[in-house]
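Trainee: Please find the sequence and the predicted model below.
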Amino acid sequence: MIQASKTHNNRKPWNWLVYQSSDQFLNKYAPHYKGKLYDLGCGVRSYEAFFLNFAESYVGIDWGASIHDTKADIFTDLNQPLPVDSEVADTVVCLSVLEHLSEPQTLLNEAYRIMKPGAVMILQVPWQWKLHEEPYDFFRYTPYGLKHLFGKAGFKDVEVEATSGFFSMWCLKFNYFTLGLITGPRIFRAIKKAIFLPLWYIGQKTAPTLDKLDKYWPAESQGYYVIAKKN
């Protein structure tokens, strides 16, 4: 398995499990990365090198006024029509972006428009996840909501997969909550971190095994991946 997220700036001791899970899904979908790939909400192009193991070219698109760093080829508001010709993309990816858009249907409609017939879109969104990048955190999507939005855009063969069970979701919530407790003078921060680091590690190592006890991952998943095709 290629570690798609190994250079991701957000991969930390308290959250590497979410990136490990994401790597598994991104590798699973590797046969679909072909031709000209467009990354909607590319940020600092963390996954460019990974996608270019499979696709012929990579085009990053993002909002120039984003609160995080961006290294896009095309700067534009993803809530608006994209300045991209129709039917030019062989693959479209969109990772941890849709929840930050006030007009998510516009992005999916535009993704469909710029895709060639037979092209595939891979999208990832959180479900049980804290507010982040406020105030630009607008929505959380159920599998049914995702299928509804993709269907409205014209996509067929829409598949939604949960990325974790209850225990991985709870572990990550615990880790982020305890991370917020590491405050105060430097010595106290060091002591707290020394206490929490082994708990974070043990939790993230054991949670995927405990997830096998969860018989219905979609109900309490950390998030979802969507794969959809334009016929």
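Mentor: Arrived safely.

Trainee: Break down this structure into its helices, ranges please.
Mentor: Per DSSP state H, the chain carries helices over the ranges 16-28, 48-51, 104-114, 143-153, 166-179, 186-210.

Trainee: So which elements touch the second one?
Mentor: Under the contact criterion of 3 or more Cβ pairs under 8 Å, 6 or more residues apart in numbering; DSSP states H and E, helix 48-51 touches strand 36-40, strand 57-62. In this view, the C-beta of every residue, glycine as well, is placed from N, C-alpha and C.

Trainee: just how off-centre is the last one within its chain?
Mentor: When you say that, I think you mean strand 57-62. Distance, stretch centre to chain centre, for strand 57-62: 16 Å (Cα atoms, centre = their mean, to the nearest Å).

Trainee: for it, packing partners?
Mentor: Counting by 3+ Cβ pairs under 8 Å, 6+ apart, strand 57-62 packs on strand 36-40, helix 48-51, strand 74-75.

Trainee: Sheet partners, orientation included, of the first one?
Mentor: Here strand 36-40 is paired, per DSSP bridges, with strand 57-62 (parallel), strand 89-95 (parallel).

Trainee: Compute the inter-axis angle for the strand ranked longest in the chain and strand 36-40.
Mentor: Ranked by residue count and defined by DSSP state E, the top strand of the chain is strand 115-126. Using axes from the mean of the first three to the mean of the last three Cα atoms, to 10 degrees, the inter-axis angle of strand 115-126 relative to strand 36-40 is 40 degrees.

Trainee: for strand 115-126, packing partners?
Mentor: For strand 115-126, where contacts count as 3+ Cβ pairs under 8 Å, 6+ apart, the packed elements are helix 16-28, strand 89-95, strand 223-229.

Trainee: May I have the longest one as CSV, with CA atoms only?
Mentor: In CSV, the C-alpha atoms belonging to helix 16-28 read as follows (Å, rounded to 0.1, in the frame of the first residue of the first chain):
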residue,chain,number,x,y,z
TRP,A,16,-2.7,9.4,12.4
LEU,A,17,-5.5,6.8,12.4
VAL,A,18,-7.7,8.9,10.2
TYR,A,19,-4.9,9.2,7.6
GLN,A,20,-4.1,5.5,7.8
SER,A,21,-7.8,4.8,7.1
SER,A,22,-7.8,7.3,4.3
ASP,A,23,-4.7,5.7,2.7
GLN,A,24,-6.5,2.4,2.6
PHE,A,25,-9.5,3.9,0.7
LEU,A,26,-7.3,6.0,-1.6
ASN,A,27,-5.3,2.9,-2.5
LYS,A,28,-8.5,0.9,-3.0
